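**Q** Got a predicted model here, sequence first, then my questions.
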Amino acid sequence: MGSSWKATFSIVLLYLFVSKCCGSEYGGSQMGTLRVDASESSGQLIPQTFFGIFFEEINHAGAGGIWSELVSNRGFEAGGPNIPSNIAPWGIIGKESSVIVSTDRSSCFERNKIALKMEVLCDSKGANSCPSEGVGIYNPGFWGMNIEQGKQYKVALYVRSSGSINVSIELKASNWLQKLAATNIIASASEVSDWKKIEIVLEAKGSDSNSSLHLTTTSKGVIWFDQVSVMPLDTYKGHGFRTDLIEMMADLKPRFFRFPGGCFVEGEWLRNAFRWKETIGPWEERPGHFGDVWMYWTDDGMGYFEFLQLAEDLGTLPIWVFNNGISHQDEVDTSSVLPFVQEALDGIEFARGEANSTWGAVRFAMGHPEPFDLRYVAIGNEDCWKKNYKGNYRKFYDAIKSAYPDIKIITNCDGSSQKLDHPADLYDYHVYTSSSDMFSRGRHFDSASRSGPKAFVSEYAVTGKDAGQGSFLAALGEAGFLIGLEKNSDAIDMVSYAPLFVNTNDRRWNPDAIVFNSSNAYGTPSYWVQRFFTESSGATLHKTTLQMNSYNSIAESAISWKSSEDDKTYLRIKIVNYGAETVNIIISVDGLDPNSVKLSGSTKTVLTSKNLMDENSFKEPNKIVPTQSLLETDGGDMEVVLPPHSITSFDLLKETSSIKIAGADSIARSSM
């Protein structure tokens, strides 16, 4: 305690804390000591790729979520290839005596042949005149289009007709009375006798988060529409993504981006699996597909190319999960899987190939001449127990390693408890469980091999009754789990939560990190727990020793890192108090030079709540968020009080940077 080479810090945090959980008050307290060895020699580098994000097309996370397309079922393909088909959510404006709407197979696009046919029976004048507002069709988007005053929207559509046309294009408010933006398409019969693409930019004169697109006319005739799109011009880095949602992803400072699933990759049946070649090229020509696991249609406007682009925009490494010939219900025999292997090789070439290669040229034509930085691929998702998985896996592994020996390959099989019987660079580990079990699983990797492939904990979350729709109790258990993963980072390369997003109008899974609707979004407590770990990638992990009597509800860790925001070095001590009692802890930090911690600039951050089942909501988006306050040190041990059921971080600002920090050149991060 008194040696000359040890710097100690003191702060006495004196406050009154009353906590209620499920109606009960807690009293009593626990005492303990925590020693942190912050010496350079004892530090262990955490992998640069440690903390990232996993995106799956679930809960309308992409279609009607981070992808900014406002029209749902823009190509009228969601009803299937047969005609007549269901055009939902499109609706009809006008009576049956005035307009008849159906579908036919007259589209000019080979891979999506369905088009909408509108027979207008009324006319601009005479006994059978159309209503003044016209007749036609409307699209409500994904539970309302968010139109904002002053912003611009690009409307694109394909049209043809048996005669001249005068079609009104309007973005209307929820009451259908206010026109937020409007224009007319006027064309002669010769101009639209064949399919014609129309593109118009509209500027909104008002705002409404529940708007809709209307295509109407007052002229008799037959008009066909296809591939109708409305996209805001204001998107994340101009690449079509919804800015507010992507900024919430970026705030997690992810070092990797796993996509596009999940079960979405497998499909309930192979015929409905995500196949990357169907999702590239011009958006109008993409056939789209029915995601039969999560039971909704996606136009695949956000396809393989867009996922790679988003990873690049976030300054993070893409991890592509592809189908290995296995769905939930059917499997390709290993003897027949080579075409699937070639599809994966083609996909890697699309991402990494030179602009003059077969598939690299396709990427070049899409506007990205330089290769994407694809270093990781995952062969399937949760398929290890399937009959053909290991046979199929070896075919993929051998072919990919032969063509791209530097690519790291991830197996679906768990290697945390026993040695894998096949080669892999990483193994996938998924866990969904109760809060208490999740907290205890922080020790799961204590005995995992340090010599074999490392773990990729690509899906974890508290689920079931503990989770609600994003409870603080869930976040508390997850925080303890993440502490354990951080302390076992010599056996773990990557960690990500799942699922990341939920559109509140189509909640297929509970809980999720980010909840949104057409215009608003908030983070659940689980999202805010992840914010405590954004600096862990590439940081230095320090040894901690906790001494307490008969109290096993504490999880703790300590790291040093250099902030990209102020270029200063910090020592962060995180402590999770999972239990119902207040804990008084004396923290001693060894191994630092005297006076190396500044007397100001250090902070304390706490996440807690009065009730374990508390949640954030659109009404109270910040009900449970971290609160930060300044620390002032004065030379003694640091005496802290940990509230019941809390996550606390102490960030000590160092005067010098004697702690070793992993080099930043091993991973490309444009945002750093």
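**A** Received, thanks.
**Q** Doesn't Lys154 lie inside a strand?
**A** Yes - assessed with DSSP: H, G, I helix; E, B strand; the rest coil, Lys154 lies in a strand.
**Q** wait, it sits on Ile200?
**A** Yes - counting by Cβ atoms under 8 Å, Ile200 is a contact partner of Lys154 at 7.5 Å. Placement of C-beta: from N, CA and C, glycine included.
**Q** Kindly check the end-to-end length of stretch 312-320 for me.
**A** Here the two ends of stretch 312-320 are set 13 Å apart, with distance taken as Cα to Cα, to the nearest Å.
**Q** Show me how far that stretch is from its chain's centre.
**A** Distance of stretch 312-320 from its chain centroid, counting by Cα atoms, centre = their mean, to the nearest Å, is 12 Å.
**Q** Start the count at 52 instead of 1 going forward.
**A** With 52 as the first residue, the last one maps to stretch 363-371.
**Q** and Val344, what does it touch?
**A** Cys314, Phe315, Glu317, Gly318, Glu319, Asn323, His379 (Cβ atoms under 8 Å, 6 or more residues apart in numbering).
**Q** If you could redo that for Tyr578, that was the one I meant.
**A** Tyr578 makes contacts with Met299, Leu303, Ala564, Ile565, as judged by Cβ under 8 Å, 6+ apart.
**Q** of all those, which comes closest to Ala112?
**A** Ile565 (8.8 Å; Cβ to Cβ).
**Q** Apart from its chain neighbours, what residue comes closest to the closest one?
**A** Phe552 (5.1 Å; Cβ to Cβ, 6 or more residues apart in numbering).
**Q** Now the phi/psi pair for that neighbour, please.
**A** Here is the backbone geometry of Phe552 (degrees, to the nearest 10): phi -130, psi 150.
**Q** how about it, what does it touch?
**A** Phe106, Ile109, Asn110, Ala112, Gly116, Ile117, Leu296, Asp563, Ala564, Ile565, Val566, Phe567.
**Q** repeat that with 6 Å
**A** Ala112, Gly116, Ile565 (Cβ atoms under 6 Å, 6 or more residues apart in numbering).
**Q** go on, Asn561?
**A** Contacts of Asn561 by Cβ under 6 Å, 6+ apart are Ala518, Gln520.
**Q** Could you rerun that using 10 Å?
**A** For Asn561, the contact set (Cβ atoms under 10 Å, 6 or more residues apart in numbering) comprises Asn110, Ala512, Thr514, Gly515, Ala518, Gly519, Gln520, Gly521, Ser522, Ala525, Pro550, Val553.
**Q** Are any of the residues you listed buried, and if so which?
**A** Neighbour-count burial (16 or more other Cβ atoms under 10 Å) applied to the contacts of Asn561 gives Asn110, Ala512, Thr514, Ala518, Gly519, Gln520, Gly521, Ser522, Ala525, Pro550, Val553.
**Q** so where is the stretch 102-251 of the chain shaky, pLDDT-wise?
**A** Of all residues in the stretch 102-251 of the chain, none has pLDDT under 70.
**Q** In it, what residue spans correspond to strands?
**A** Remark: strands assigned in the stretch 102-251 of the chain by DSSP state E, counting those that start in this stretch are 104-105, 142-144, 150-155, 166-171, 186-190, 196-198, 203-212, 216-223, 230-238, 247-254.
**Q** returning to what we had before: just the buried ones out of the contacts of Tyr578, please.
**A** Among the contacts of Tyr578, those buried by neighbour count (16+ other Cβ under 10 Å) are Met299, Leu303, Ala564, Ile565.
**Q** Verify the stated contact: the second one with Phe102.
**A** Yes - Leu303 lies in contact with Phe102 (Cβ atoms under 10 Å); the separation is 7.6 Å.
**Q** just to revisit the earlier point, can I get the contacts of Tyr578 in a markdown table with pLDDT, secondary structure and distance to Asp155?
**A** What follows is the contacts of Tyr578, written out as a markdown table (pLDDT from 0 to 100; DSSP: H, G, I helix; E, B strand; the rest coil; distance: Cβ to Cβ, whole Å):
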| residue | pLDDT | secondary structure | distance to Asp155 |
| --- | --- | --- | --- |
| Met299 | 98 | helix | 42 |
| Leu303 | 98 | coil | 46 |
| Ala564 | 98 | coil | 43 |
| Ile565 | 98 | strand | 40 |
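**Q** Thank you, goodbye.
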